[in-house]
Each structure stands twice: as structure tokens, then as C-alpha cells.
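Participant: model the following, please.
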Amino acid sequence: MTMEVMIVAGEASGDLHAANLLRAMQRQDSSLAFCGMGGNELAAAGMEILFDAAKVSVVGLTEVFSHLGDIIAAQSTLRRRLQRRPPALLIIVDLPDFNLWLAKKAKVLGIPVFYYITPQVWAWRSGRVKTIGDRVDKVGVILPFEEQFFRQRGVNAHYVGHPLLDSVSVRMTPEQFCAKHGIAPTSRRICILPGSRKREITCLLPRFLGAARLLQQAVADDLVFLLPLASTVSARDLYANGLAEAGDLDVRIIADERYEVMAASDMAMAASGTVTLELALLDVPMVVAYRFSPLTYRLGRLLVRLHHFSLVNLIAGHEVVPELLQDQVEPEPIAGLLQRLLDDDGYRQGMMCGLADVRRSLGEHGASERAARLALTMLQEGMQNG
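Facilitator: Sure, this is the predicted structure:
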């Protein structure tokens, strides 16, 4: 009898890590079937997509309100599937508020729940730890200190390592990449990473392009701006948010070569998120920026007590890469920091050393396989209990 597993993931990085977990589970048990919510990565891995994750991939309180119809529709679709065809296991990946609602339903139905890649409850809204403990049977955490944090609070947590170590790899050298795309090898290449959500694109891309324009005016080098296309974003989204007016810049949109684009870049301007760790693993110095809606930002200031907001700096415990938040995110300061990376070898080298320390702290490869073993153990336990 074929066992079905439901996987629910949200934004592009969650979709990618969930897809790698799915493949790892299939390698260990090829009889499994999968359904759930995800994006292009999970679809390519063979999962039956019940709801498109791009419709609910939002951040911030006000943004949730504007997508409430899609969020309710997604919950309804997934809950109906849980009720009518209960899977042997529900795997939730990040997306905490949405996924913990779904986990509550699964708990009522007696479906075991595995939480892979938990929210950063150690940073803010720590009250969610109790909710996770009540609704989730087992947790797979990806940062070294998270296992102890959860276990001290009664949650069955297991450190599996960071999945980026399994997924971040390149298939060509920077020289090969430049030759393929007709980019002069003597150019300075700057990666533009404005996020994987439409609101992030709307907020950050025009400012990043403004910084690109200022930087091009300030330096004599030939600059090429590389813009990898996230799986949850279309080229239309990019052109609607400033790219159509960037004719004076050499901007290349590159699809399907995300890590090759990053590895071929001399530096990057990036939205805060998983992408900062991807850049760190590829040895790419960066400027990190983020903007929330005004209401979300004001609420966040009341709830969050951190000296840094980027994952690179949080893991390092000090500032490795410069961070610009909210009203600081404007073309002039972004361009100034990028120019410093271009001109100041000591500053650049210090950042590179810090990135190397962060890479070492993330541990070893194999997170997807270790998480898959935890999930399969839960399936076996469920069969025995059933």
C-alpha cells in the first residue's frame, strides 16, 4: 500500500529545501507519494500541487491582510485533503503562522506532524514555542544552537544541519558563465537580489536599480548587473517595478542559473533572508537591505530585540555584512557601501574572512538526508502504532 505524505512549503527557499527533502525521502523509500502546497521546485520533484505557494508567500501583518483570500483558500484546500484523504505524515516547512494553523487540524485528525525549518522563535515571538510543542510531534532544526533552545522548552527537536550546504553548488566557473552570456570577463559584476515575494520586489527593486545607476555614474569600471529570476517571480514583475526604465544600465535577467549568477558576481545587494547565506557559501560579499510596511515595522520594533537582522550577522554574532533597514534603504547608502567594496581592499577582505567563519559554523553536508531519516522514522512509528 502506497503511503502519502503531505508537504506544505511557502516561499522560494522553503520550496527548494522541501523539494530536496522529498527527493531524499524517495531515495530511501521509492514507494512514497507526495501532495501539498509548494512552487516550481516541489512540482519538479514530483509532488501533486494542491495550491500554489506563490499566492500565500507574504511577510508582515498588513501584507497578510491583502492576501487573506488566498490564505483562506489555501487553508481550506489543504484541510479538506487532510480530512478526506489523511496522509500518513504532514511535513510543514517554515511559513509558521500558516503552517501552525494546519498542524492544529492535523493534530485533531491524529496525523503526525514533522516541522522542518522552524521560525526564528529565539529572535521574536518566542511564545510560538509552546504552540509548536503542542501541535508538532518532531522538529528538524537547521542552526546549531536551535536544538538546545527547543529541547530546553520541551520540544522534541533534532539538529540536522543547514540544507543550503546540500543545494548550493555551481556547474560552471565564472569565466564559463561570462562566456556563455556574452559578458566581458574584465567587467565588474554585481548581483541584484530583491527577494522572492512580489511585495519585496515592489519595495526593493527600484531602490536597488537606483543604487546601480548611482554606482555606474561614480566608477569608471564597466558594470554588469545580474538579476537571477526567483521561481516565485516573473520577468513581468521585474519590469513592472523599475526594470523597464533601466535602459541605461547593463542588466541581465538570468533564469535557471541562480547559483552560477551569484558565484560569478563580485558582490551583491540582497534582500535579507536565506539568500544571504547562499551568498556566504559562495564567497560573495554583500550589502543587505530590508523594508517592511510602516505598520509591520512599528509592531516589529516592539517585538524584536536583536542587534542584527540578517542571517549572516545573526549566526556570526556580530556585523560581518552591512545592513540597511527601513528608511535607510535608499539608493545613496546602498551605492556608497557597494563602492566601498569595490575600492577598499581591506574592507572587502575583512568581510570575506567573516563569511568564511559563518560557512564553517553551519556544519557538514547531509541535512536533507538526515531530515528524511527523521520523517521516515515517524512514518514507521505511525505504522506500528496504527
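Participant: burial measure for residue 2, as a count.
Facilitator: Residue 2 has 7 neighbours, counted by other Cβ atoms under 10 Å. From N, CA and C alone the C-beta is placed, and that goes for glycine too.
Participant: in which helix or strand would I find it?
Facilitator: Using DSSP states H and E, residue 2 falls within no helix or strand.
Participant: residues in contact with the closest residue to residue 89 other than its chain neighbours?
Facilitator: Nearest non-adjacent residue to residue 89, counting by Cβ to Cβ, 6 or more residues apart in numbering: residue 5, 4.9 Å away. The contact partners of residue 5, taken as Cβ atoms under 8 Å, 6 or more residues apart in numbering, are 25, 32, 33, 34, 35, 87, 88, 89, 90, 91, 375, 379.
Participant: at 7 Å what do you get?
Facilitator: With contact taken as Cβ atoms under 7 Å, 6 or more residues apart in numbering, residue 5 is in contact with 32, 34, 87, 88, 89, 91.
Participant: quick check on the fourth one: phi, psi?
Facilitator: Listed backbone geometry of residue 88 is phi -70, psi -20, with angles given as degrees, to the nearest 10.
Participant: same question for residue 152.
Facilitator: Per degrees, to the nearest 10, the backbone of residue 152 is at phi -60, psi -20.
Participant: was I right about residue 74 contacting residue 54?
Facilitator: No: Residue 74 lies out of contact with residue 54 (Cβ atoms under 7 Å); the separation is 10.8 Å.
Participant: next, residue 139: secondary structure please.
Facilitator: strand (DSSP: H, G, I helix; E, B strand; the rest coil).
Participant: in a strand, residue 224, correct?
Facilitator: Yes: checked against three-state DSSP, residue 224 lies within a strand.
Participant: ok, now how distant is it from residue 167?
Facilitator: Per Cβ to Cβ, to the nearest Å, residue 224 is found 25 Å from residue 167.
Participant: ok, now residue 327?
Facilitator: 34 Å.
Participant: the more surrounded of the two?
Facilitator: Neighbour totals were compared for residue 327 and residue 167, and residue 167 leads with 20 against 9 (other Cβ under 10 Å).
Participant: verify the stated contact: that one with residue 16.
Facilitator: Yes: taking Cβ under 7 Å as the definition, residue 167 is a contact partner of residue 16 at 6.0 Å.
Participant: tell me who's in contact with the closest residue to residue 351 other than its chain neighbours.
Facilitator: For residue 351, ignoring the flanking residues on the chain, the nearest one in space by Cβ to Cβ, 6+ apart is residue 285 at 4.6 Å. Neighbour list for residue 285: 267, 341, 348, 351, 352 [criterion: Cβ under 7 Å, 6+ apart].
Participant: by neighbours, which of those residues wins?
Facilitator: Most surrounded of the contacts of residue 285: other Cβ under 10 Å gives residue 351, at 23 neighbours.
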